[in-house]
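Trainee: Okay, predicted coordinates and the sequence, questions at the end:
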Amino acid sequence: MDNDSFGDGAGQARPPRDTGAPDFKKSASAPARTFQLVAGDFLLTVNPVDGSEIEPCPPGQLPTRPGRHSEAERTERQRAAQPPVPAGPPAPRLPLLERGEERERLVRLLGHGRSVRLTGPAGSGRSALLDIVAEDCANLAPDGVVRLSGHHRTPTELLHELFAAVHSAPLYRPDRAALLEHVKDIGAIVVLDDLEFGGAALGELLDAAPECAFLVAATPDVAAPAADSHLEEVFLAGLGRSASLELLQRTVERPLTEDESNWAGDLWFESEGLPLRFVQAGALLRQCDSLRTDPETLDDYTPFDGVQEVEVPLPTLGEGAAPAALLASRLSESARETLRFAVALGGEVPHQAHLPALVGDTHADAALGELMSCGLLSPVGTRYRLAAGVMAQLTEKGYADEATAHAHTAAQHYAWWAGHPSVTPERAVAEADAVLAALGMLVPGLEAGHPSAAVLLARSAAPAFAAGLHWSAWERALRAGSEAARIAGEVAEEAYFHHELGVLALCTGNLDRARAELETSIGMRGALSDKRGTVAGRRALALVEDRSGGPVVAARTPAGEEVPAARSEQSASPPGGVLAPVLPLGRGIGPGPGAVGAPKEDEEPATLLARQTPAGGGVKPSRRRAVFGGARRNLVAAGAGALLAAVLGTVVTLGATSDQQDPPSNKVRNGQSANEDDGSDGLDADVPADGSTNSPGGGPADDPKNPDPVTPGASSSTGDAATPEGRPSSNASTPGGRPSTSGKPPTPTKSSTTKPTSPPSSSSPTPTPTTTPPASSPPPSSSPPPAGGGEGSSASTPMTSSAAPSDSGSAPVI
């Protein structure tokens with residue numbers, strides 16, 4: 001890319017920029033983008049609406065062994081991996097001073113296949129030395145030189161980036177075994193800058209690629225490598241006094257005065273010869289040169305030699321050692337606003353294409369060139385960050401006072417940008433660190449609206465990170481979004497993030513984590529009646545169980561309550577209580593609540609019936625999971641159908657048997673009591689007193705406990721028959737006859753503790769002593785006593801029958 005030229009109008013025209021104001025109406029109406037990729041042996045469809053869908057990859061879609069990039073492709077990829085050239089006049093390229101010895105040693109070691117660790121303080125010129133060494137080693141290895149950045153990267157992510165840099169495998173992320181198989185055959189010089197880990201993790205990275213020679217650069221505060229890592233150590237110190245003065249002179253592009261040389265000597269002693277300090281000191285001297293010329297004294301007829309100069313003192317030693325605030329005060333407003341955004345984002349500088357929208361100036365992208373020329377920025381991978389020590393110096397001068405507001409503005413902008421159809425996953429991945437920094441500032445939710453903005457940003461950026469195969473950023477965005485949704489109270493969004501975390505854990509082989517996240521998501525979406533999301537979650541959970549070899553051992557209810565697994569000596573009890581051992585005939589038989597049959601794996605725990613395991617014969621805890629094949633659901637359905645047929649047959653048999661017997665008297669109403677001490681045939685019902693308001697066949701009309709009194713039904717032609725509704729019927733031809741009851745068992749009440757008698761003989765019934773049965777035991781079946789006279793039945797007692805006709809078709813009797 002050619003840089004712009006100022007003043008004379010020469011050079012190419014600047015490319016068009018975005019206007020800065022995002023069109024939310026257009027982006028809101030754009031259709032959601034889905035991406036399909038292969039992760040291990042899974043086919044993953046990234047769906048930003050209902051959640052990603054995962055399934056076993058069909059054999060025809062499994063990628064073959066990927067091939068290697070050609071030399072031209074590797075060159076193009078390396079060029080694209082460099083940070084963008086800032087807009088504005090090109091900065092002079094500074095020489096590499098006093099680094100010849102280290103340069104030769106590094107090239108020699110790498111040529112012999114040895115791995116080297118370059119250690120030096122921040123600002124010592126490690127990145128500049130790595131650039132020179134990478135150019136010298138371009139033709140040493142068959143796979144060339146691979147440049148990687150270890151900033152916020154784990155060993156696994158670096159291995160995946162190494163695989164992608166050498167092999168041509170778009171939209172494919174191999175699993176751990178396949179990754180190690182591909183990486184171990186790579187033969188390249190791997191230049192790794194800004195490494196953030198050491199010890200066993202570094203040894204794991206080196207052992208995974210035995211055919212590669214690594215050149216890693218780190219600061220002294222990073223953990224040292226393991227003793228058996230066989231890494232050569234090279235330490236990078238500061239420059240000498242003469243080299244420091246030469247670097248300052250090349251930066252100013254003029255000879256130094258005596259005062260400036262003395263000032264530079266004091267600065268060398270203070271900074272220990274770090275090259276970064278002298279680059280920044282040269283920027284201070286250039287600013288002083290520009291301030292010595294007073295533009296207000298210039299006149300159209302004043303010759304250049306007659307320009308008056310303003311006396312500008314040299315910076316103090318303290319300002320030279322910490323020059324960030326002084327340098328920023330002499331820059332443009334757009335550059336200072338860019339620094340405020342960088343401080344708010346933890347040192348991450350947005351891409352220059354985003355600066356016009358963030359700052360509000362259409363030419364704010366030129367601010368990046370101003371900051372680079374002053375030494376306030378340093379390249380990190382494909383982007384820029386604040387140089388070492390700059391963020392602390394700017395924070396002390398108040399650049400972080402409105403950091404939360406700037407992070408909120410950046411989050412809103414990135415949420416619109418990441419979800420725009422024109423933004424590719426690769427571009428979103430390049431801006432991942434700035435996006436994650438904005439999420440980190442907003443997730444605590446200290447101010448209203450910030451958690452919701454974080455949720456929107458995570459929903460927009462997470463699918464792009466997944467499709468761009470930057471899964472560490474995908475996981476961080478999902479976790480930040482889940483926490484923000486919890487703070488904001490957005491249950492649907494929180495369920496989405498839990499679903500995505502479950503899918504991610506399944507792809508990486510963490511089945512326990514995948515099960516926990518998916519069960520949480522299913523419970524939340526079930527409470528919200530989100531059918532499509534619930535189906536997607538259950539499919540992923542079924543895949544988890546297939547990989548783990550059994551059904552769910554512990555599940556959760558929609559409210560989040562965990563149901564413990566049943567032990568071998570006890571049955572599992574649902575959260576709502578123990579189910580009754582005998583189900584009413586009106587209950588359904590199937591997968592619904594209270595159903596009879598084996599539970600399915602995707603049903604809620606509150607609807608399950610656990611089987612009681614005999615003591616001593618139960619399954620061992622290690623074998624509690626039943627292993628089913630792919631037709632597990634069909635087996636459960638077949639079992640439920642067989643059980644349904646058996647239960648229906650039992651019901652029909654009991655009904656046929658009960659038709660051959662007389663139904664027992666089963667109801668004792670309010671105002672009546674059971675009495676068998678009178679010596680009459682069987683139990684009778686006492687009639688209430690004359691002043692009572694209770695009717696013989698129903699509850700009292702004014703009784704608050706029985707607001708809807710029930711009237712007895714009409715009798716049939718025979719005195720011992722009962723109506724289909726189970727109400728007692730009377731015989732008009734027998735004034736002293738006792739009203740008989742239906743065949744239902746008696747309902748135990750506080751006033752009635754009688755037990756139904758056994759069926760009496762046809763000649764003479766024998767009364768049976770009464771006992772109080774347990775409430776939970778089912779009543780035995782008995783025949784009703786024959787109708788006869790007794791104390792409780794009188795012809796003068798009025799009885800009101802219902803209008804429903806009896807079985808014999810007789811008219812109602814009063």
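Mentor: Here it is on my side, so go on.

Trainee: measure stretch 237-256 end to end?
Mentor: 25 Å (Cα to Cα, to the nearest Å).

Trainee: buried sites along it?
Mentor: 238-239, 243-252, 256 (16 or more other Cβ atoms under 10 Å). In this view, the C-beta of every residue, glycine as well, is placed from N, C-alpha and C.

Trainee: Same check on stretch 117-126?
Mentor: Residues 117-121, 123-126 are the ones in stretch 117-126 that count as buried (16+ other Cβ under 10 Å).

Trainee: cool, stretch 130-142 as well?
Mentor: The neighbour-count check on stretch 130-142 (16+ other Cβ under 10 Å) flags 130, 132-134, 136-137, 140-141 as buried.

Trainee: Only alpha carbons, please: show that stretch as PDB.
Mentor: What follows is stretch 130-142, C-alpha atoms only, in PDB (Å, rounded to 0.1, in the frame of the first residue of the first chain):
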ATOM      1  CA  LEU A 130      13.500 -11.200  15.100                       C
ATOM      2  CA  ASP A 131      12.600  -9.400  11.800                       C
ATOM      3  CA  ILE A 132      16.200  -9.500  10.600                       C
ATOM      4  CA  VAL A 133      16.900 -13.100  11.700                       C
ATOM      5  CA  ALA A 134      13.700 -14.200   9.900                       C
ATOM      6  CA  GLU A 135      14.900 -12.700   6.700                       C
ATOM      7  CA  ASP A 136      18.300 -14.400   7.100                       C
ATOM      8  CA  CYS A 137      16.700 -17.800   7.700                       C
ATOM      9  CA  ALA A 138      14.200 -17.700   4.800                       C
ATOM     10  CA  ASN A 139      15.800 -20.600   2.900                       C
ATOM     11  CA  LEU A 140      17.000 -22.800   5.700                       C
ATOM     12  CA  ALA A 141      14.000 -25.100   6.200                       C
ATOM     13  CA  PRO A 142      11.700 -26.900   3.600                       C
END
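
Trainee: What average pLDDT does that stretch get?
Mentor: Stretch 130-142 carries an average pLDDT of 92.

Trainee: Any regions of the stretch 401-550 of the chain where pLDDT drops low?
Mentor: Applying pLDDT under 70 to the stretch 401-550 of the chain flags the ranges 550.

Trainee: meant to ask about the chain
Mentor: 1-31, 294-309, 550-636, 656-814.

Trainee: quick one: residue 162 from residue 127, how far?
Mentor: 19 Å (Cβ to Cβ, to the nearest Å).

Trainee: Correction: the previous question concerned residue 322.
Mentor: For residue 322 relative to residue 127 (Cβ to Cβ), the value is 22 Å.

Trainee: Over to residue 95?
Mentor: With Cβ to Cβ as the criterion, residue 95 and residue 127 are 15 Å apart.

Trainee: Mind checking which of these two has more residues around it?
Mentor: Neighbour comparison, residue 95 and residue 127: the larger count goes to residue 127, with 14 against 11 (by other Cβ atoms under 10 Å).

Trainee: so the more buried one makes contact with residue 379?
Mentor: Yes: here residue 127 reaches residue 379: they are 6.5 Å apart, a contact under Cβ atoms under 8 Å.

Trainee: ok, back up a step: please flag which of the buried residues of stretch 237-256 sit within helices.
Mentor: 243-252 (DSSP state H).
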